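Visitor: Sharing a model that was predicted from the sequence below.
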Amino acid sequence: MASTSARMLALLGLLQSRADWSGAELAERLDVTDRTVRNDVARLRELGYPVDAVRGPGGRYRLGAGARLPPLLLDDAEAVAVAVGLRAATGTAGFELSGASALAKLEQVMPDRLRRRLAALRSASTAGPANTDSNVEDPVVDPDTLSALADAVRDHQRLRCFYRDEPLELEPYRLVAWQRRWFLVGRDPTTGEWAPYRVDWLVLRVPGGRRFTPIDFPGDMTDFVVREVARTGWAVHARVVVEASADEVLRRINPTVGTVEPLPDGRSVLVTGGDSPEVVAVWIGMLGLDFHVTDPPELVSHLRVLAERYARATPD
């Protein structure tokens with residue numbers, strides 16, 4: 001049998017790993033009697049860790065919410081996974097400092113063998129560049145804003161906000177991260193229309209709106225965001241007439257680039273966008289098909305610059 005302190009740490013680790021346990025399950029995992037489990041639970045409570053219990057046959061234990069945070073017990077694989085995730089978070093706009101601070105604290109308390117493993121993983125690996133990067137810096141999203149939106153989604157609380165400087169009230173349903181940006185799927189309570197809203201374009205107003213009764217969303221929210229952002233979620237939008245059928249265009253693009261509409265004459269229209277004219281020009285240039293663009297003016301101007309640049313790059 002393990003020492004009392006080691007056994008209590010093991011018990012705390014089990015309570016953290018699952019929602020609830022029966023006394024018999026804990027006794028079996030710890031190789032002790034039911035009475036020892038009850039005594040160890042009592043000791044944890046004396047130390048300030050809230051362990052809730054349901055008495056009687058088949059009674060169960062769970063770690064409740066309390067005023068103090070118990071030590072987080074992670075096995076080796078879990079600790080490395082959390083550290084790798086935190087390192088990735090330091091590259092997300094808005095989370096650089098908090099992610100780096102949390103990672104430093106975790107590495108500080110890691111055993112030497114885990115610190116060495118993490119250092120080896122860091123030195124032996126690298127990440128390739130994102131193929132959807134652009135010449136526009138990633139927008140910074142305030143973690144407090146994300147938390148407030150998540151609370152509103154959970155509590156079915158309407159939001160009062162400004163969206164691109166326009167006053168708006170909406171019902172929040174889901175946060176979706178895509179292309180290193182955050183989007184909120186919301187419903188306009190007046191019109192009933194659904195839309196994805198870029199979180200970095202939202203400014204929350206206090207107090208918020210009243211509670212609402214959620215309704216079922218007609219489809220998959222992530223697919224909805226990916227599809228609709230091409231129309232409404234970028235700084236630059238374009239309707240590109242392509243000299244090819246809709247089927248041909250769809251075979252050549254990633255579905256997340258935009259939407260394709262067939263035209264009666266056999267051509268098609270690609271609705272797409274990006275955070276700069278340069279990004280949009282790259283995407284439509286990769287089609288490998290003839291196309292025509294009449295707006296927005298900044299995209300037309302950039303395509304003319306590219307045409308002259310490419311013409312100068314070819315031999316006479």
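Guide: That came through, no problem. Residues are numbered from 1 along each chain as shown.

Visitor: May I have the secondary structure class of V241?
Guide: Put simply, V241 is strand when judged by DSSP: H, G, I helix; E, B strand; the rest coil.

Visitor: neighbours of the nearest residue to it once chain neighbours are set aside, just the number please.
Guide: Nearest residue to V241, sequence neighbours excluded (C-beta to C-beta, 6 or more residues apart in numbering): H292, at 4.5 Å. For every residue, glycine as well, the C-beta is placed using N, CA and C. Close neighbours of H292, defined as other C-beta atoms under 10 Å, add up to 10.

Visitor: From R267, how far off is H292?
Guide: If you measure H292 against R267 using C-beta to C-beta, to the nearest Å, the figure is 9 Å.

Visitor: Now for the two: what residues contact both?
Guide: Common neighbours of H292 and R267 (criterion: C-beta atoms under 8 Å, 6 or more residues apart in numbering): 241, 243.

Visitor: Let me see the domain layout of this structure.
Guide: Per automatic domain parsing, the structural domains of the chain span 4-63, 76-124, 143-225, 236-313.

Visitor: Lowest average pLDDT across the ones you listed?
Guide: The weakest mean pLDDT among these belongs to domain 76-124, with a mean of 69.

Visitor: What segments of the chain are strands?
Guide: 21-22, 51-53, 60-63, 159-163, 166-178, 181-187, 194-198, 202-204, 236-242, 258-262, 268-274, 291-292 (DSSP state E).

Visitor: how about the ones you listed in a markdown table, adding distance to V226?
Guide: Formatted as a markdown table, these follow (distance: least, C-beta to C-beta, whole Å):
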| stretch | distance to V226 |
| --- | --- |
| strand 21-22 | 40 |
| strand 51-53 | 41 |
| strand 60-63 | 38 |
| strand 159-163 | 20 |
| strand 166-178 | 6 |
| strand 181-187 | 9 |
| strand 194-198 | 9 |
| strand 202-204 | 19 |
| strand 236-242 | 15 |
| strand 258-262 | 10 |
| strand 268-274 | 12 |
| strand 291-292 | 22 |
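
Visitor: so T33 sits right up against A27, yeah?
Guide: Yes - with contact defined as C-beta atoms under 8 Å, T33 counts as touching A27 (6.0 Å).

Visitor: More neighbours: these two, which one.
Guide: A27 (17 against 12).

Visitor: Show the contacting residues for that one.
Guide: Going by C-beta under 8 Å, 6+ apart, the list of residues near A27 reads 33-34, 36-37.

Visitor: Restricted to buried residues, select those in PyMOL.
Guide: Buried residues among those (16 or more other C-beta atoms under 10 Å), as a PyMOL selection:
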select buried, resi 36+37
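
Visitor: quick check, nearest of the contacts of A27 to G186?
Guide: Top of the list for closeness to G186, among the contacts of A27 and by C-beta to C-beta, is V37 at 47.2 Å.

Visitor: Please report how far the closest one lies from Q16.
Guide: For V37, the distance to Q16 - C-beta to C-beta - is 16 Å.

Visitor: ditto for Y197
Guide: Taking C-beta to C-beta, one finds Y197 at 36 Å from Q16.

Visitor: Please identify which of these two sits among more neighbours.
Guide: A count of neighbours by other C-beta under 10 Å puts Y197 above the other of Y197 and Q16, at 23 against 13.

Visitor: list the contacts for that one?
Guide: 163, 170, 183-186.

Visitor: at 7 Å what do you get?
Guide: By C-beta atoms under 7 Å, 6 or more residues apart in numbering, the residues touching Y197 are 163, 183-184, 186.

Visitor: bridging residues for the closest residue to it other than its chain neighbours?
Guide: Leaving aside its sequence neighbours, Y197 sits nearest to L184 (C-beta to C-beta, 6+ apart; 4.7 Å). Beta-bridge pairing for L184 (DSSP bridges): L175, Y197.

Visitor: mind listing what L184 touches?
Guide: Taking C-beta under 7 Å, 6+ apart as the test, what L184 contacts is 149, 172, 175, 197, 199, 202.

Visitor: Equivalent analysis for D52, please.
Guide: Here D52 is in contact with 62, 64 (C-beta under 7 Å, 6+ apart).

Visitor: Repeat the analysis, applying 8 Å as the threshold.
Guide: 61-64.

Visitor: Kindly report the same for P277.
Guide: P277 is in contact with 236, 296, 298-299, 301-302, counting by C-beta under 8 Å, 6+ apart.

Visitor: Swap in 6 Å and give it another go.
Guide: By C-beta atoms under 6 Å, 6 or more residues apart in numbering, the contact set of P277 is 236, 298-299, 302.

Visitor: for V185, same thing?
Guide: 173-174, 196, 221.

Visitor: Could you measure from it over to Y173?
Guide: 5 Å.

Visitor: hmm, back to that, for the contacts of V185, name the two members farthest from one another.
Guide: Y173 and P196 (10.3 Å).

Visitor: So those two - more neighbours on which side?
Guide: Remark: of Y173 and P196, P196 carries more neighbours, 25 against 18, as counted by other C-beta under 10 Å.
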